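**Q** after the sequence you'll find the predicted model.
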Amino acid sequence: MGLCIYSNGEFLTDKAKAVTSIYDHGFLYGDGIFEGIRVYNGLIFMFPEHMKRLYDSAKSIALKIPMPREELSRITIETVRRTGYKDAYIRLVVSRGEGDLGLDPRKCPKPSIYIIADSIQLYPAEKYKVGLKVITCSTRRNSPDVICPQIKSLNYLNNILAKIEVNRAGADEGIMLNPNGYVCEATADNIFVVKNGVMFTPPPYVGVLLGITRQCVLDIAKKLNIEVIERNIVMHDVYTADEVFLTGSAAELIPVVNADDRIIDDGKPGPIFKNLLAEFREMTKHRGTPVYD
């Protein structure tokens, strides 16, 4: 059991042997796309939805993935199967491929495909019980007229700059605003705010990635008859909320209890978050694509 990497047609178990050309435009320019996908108890969670988003991202940047979705799905499953893991994290990357030192993507005749199947834990287990401390980042989220946030691209410098702020502040995570000052998302997660029993989350047009876990939470909320409104949110809404939590494939659902040194309500994870997390974890037990026969 252990790490397995698919690297342009070859399965590898030694990450030191999983190399790419320094002329690959994914390395030189961040020209490519990716998906982060979870495996729970031998089931690849929301696999078709992740694959659709991958191919949508590729289409948006005029990158033709050199195999049909069904074949890439099969290879991804095989990569996970070779790890022997029941629970794992998949990083599926498609780059523009090897070219020259110029920007022109026409000089990259064949895209590169890499699939990493390994274990991951973004936050310590204790954080799900006690919650996160977050700050507001001065680094603004890319606006849709610059780089569309719906493209899950390899260029994450915007988020990394915000994460550097988080690290320097000694916080757990950071909230990124759009150029107009509205809350978009955290550096790697979507955000939800709860007030008087109603959930609020930023709408797509402010510049958020339409997260797969975000959609799961919207579906669960509907099942639990929790009202959800997509609308603009400002930091005042975060500071004065009854509950705040983040969602993402790696983090799942995780509570926020402190924002810019303002304690959220009583400083403890709230009941709506706890109910949603329980339902989400129940969902992961049966919704997914089987890895093992």
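**A** Received, thanks.

**Q** this protein: helices as residue ranges?
**A** Remark: helices assigned in the chain by DSSP state H are 25-29, 47-60, 69-83, 127-130, 157-169, 212-223, 235-239, 271-283.

**Q** so which of those helices is nearest Ile191?
**A** Smallest distance to Ile191 across the helices of the chain (CB to CB): 7.9 Å, for helix 235-239. To be clear about C-beta, it is placed using only N, CA and C from the backbone, and glycine gets the same treatment.

**Q** and that closest one, which residues are buried?
**A** 235, 237-239 (16 or more other CB atoms under 10 Å).

**Q** among those residues, which one sits closest to Ala221?
**A** When these are compared against Ala221 (criterion: CB to CB), the nearest one is Asp237, at 17.5 Å.

**Q** for the helix or strand of the chain with the lowest mean pLDDT, report the contacting residues that lie outside it.
**A** The element with the least model confidence among the helices and strands of the chain, by mean pLDDT, DSSP states H and E, is helix 127-130, at a mean of 94. Here helix 127-130 makes contact (CB atoms under 8 Å, 6 or more residues apart in numbering) with 172, 254-255, 257, 268-269, 277.

**Q** cutoff 10 Å now
**A** 124, 133, 172-173, 245, 251-255, 257, 267-269, 273-274, 277 (CB atoms under 10 Å, 6 or more residues apart in numbering).

**Q** residue ranges with poor pLDDT in the stretch 101-250 of the chain?
**A** Within the stretch 101-250 of the chain, no range satisfies pLDDT under 70.

**Q** where along the stretch 51-200 of the chain do the strands fall?
**A** Assigned by DSSP state E, counting those that start in this stretch, the strands in the stretch 51-200 of the chain fall at 88-95, 112-118, 132-136, 173-177, 183-186, 190-195, 198-201.

**Q** quick one, domains of this structure?
**A** The chain resolves into domains spanning 4-118, 127-283 when parsed by automatic domain parsing.

**Q** residues contacting Tyr55?
**A** Tyr55 sits in contact with 33, 35, 63-65, 68-69, 72, 94, where contact means CB under 10 Å, 6+ apart.

**Q** again, 7 Å this time
**A** 65, 69 (CB atoms under 7 Å, 6 or more residues apart in numbering).

**Q** quick one: it from Pro204, how far?
**A** As defined by CB to CB, to the nearest Å, Tyr55 lies at a distance of 19 Å from Pro204.

**Q** which residue packs closest to Asn232, ignoring adjacent ones?
**A** Among residues not flanking Asn232 along the chain, Tyr182 sits closest, at 4.8 Å (CB to CB, 6 or more residues apart in numbering).

**Q** same thing with Ile77?
**A** Per CB to CB, 6+ apart, closest to Ile77 is Val291, 5.7 Å.

**Q** sorry, back to before: just the buried residues of helix 235-239 now: which is nearest Ile113?
**A** Val238 (39.0 Å).

**Q** so that closest one is in contact with Phe192, correct?
**A** No: taking contacts as CB atoms under 7 Å, Val238 lies outside contact range of Phe192: 10.4 Å.

**Q** alpha carbons only: can I get the least confident helix or strand of the chain in PDB?
**A** The C-alpha trace of helix 127-130 is given here as PDB (Å, rounded to 0.1, in the frame of the first residue of the first chain):
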ATOM      1  CA  LYS A 127      -9.700  22.000  14.400                       C
ATOM      2  CA  TYR A 128     -13.000  20.400  13.400                       C
ATOM      3  CA  LYS A 129     -14.000  20.500  17.100                       C
ATOM      4  CA  VAL A 130     -12.600  23.900  18.100                       C
END
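
**Q** got the buried residues for it?
**A** Buried-residue list, helix 127-130, by 16+ other CB under 10 Å: 127-128.

**Q** again, but for stretch 42-58
**A** 42-47, 50-51, 53-55, 57-58.

**Q** dump the residues you listed to a markdown table, plus distance to Lys285 and pLDDT.
**A** Shown next, in a markdown table, are those (distance: CB to CB, whole Å; pLDDT from 0 to 100):
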| residue | distance to Lys285 | pLDDT |
| --- | --- | --- |
| Gly42 | 11 | 97 |
| Leu43 | 8 | 98 |
| Ile44 | 13 | 98 |
| Phe45 | 10 | 98 |
| Met46 | 13 | 98 |
| Phe47 | 15 | 98 |
| His50 | 18 | 98 |
| Met51 | 21 | 98 |
| Arg53 | 23 | 98 |
| Leu54 | 25 | 98 |
| Tyr55 | 27 | 98 |
| Ser57 | 29 | 98 |
| Ala58 | 31 | 98 |
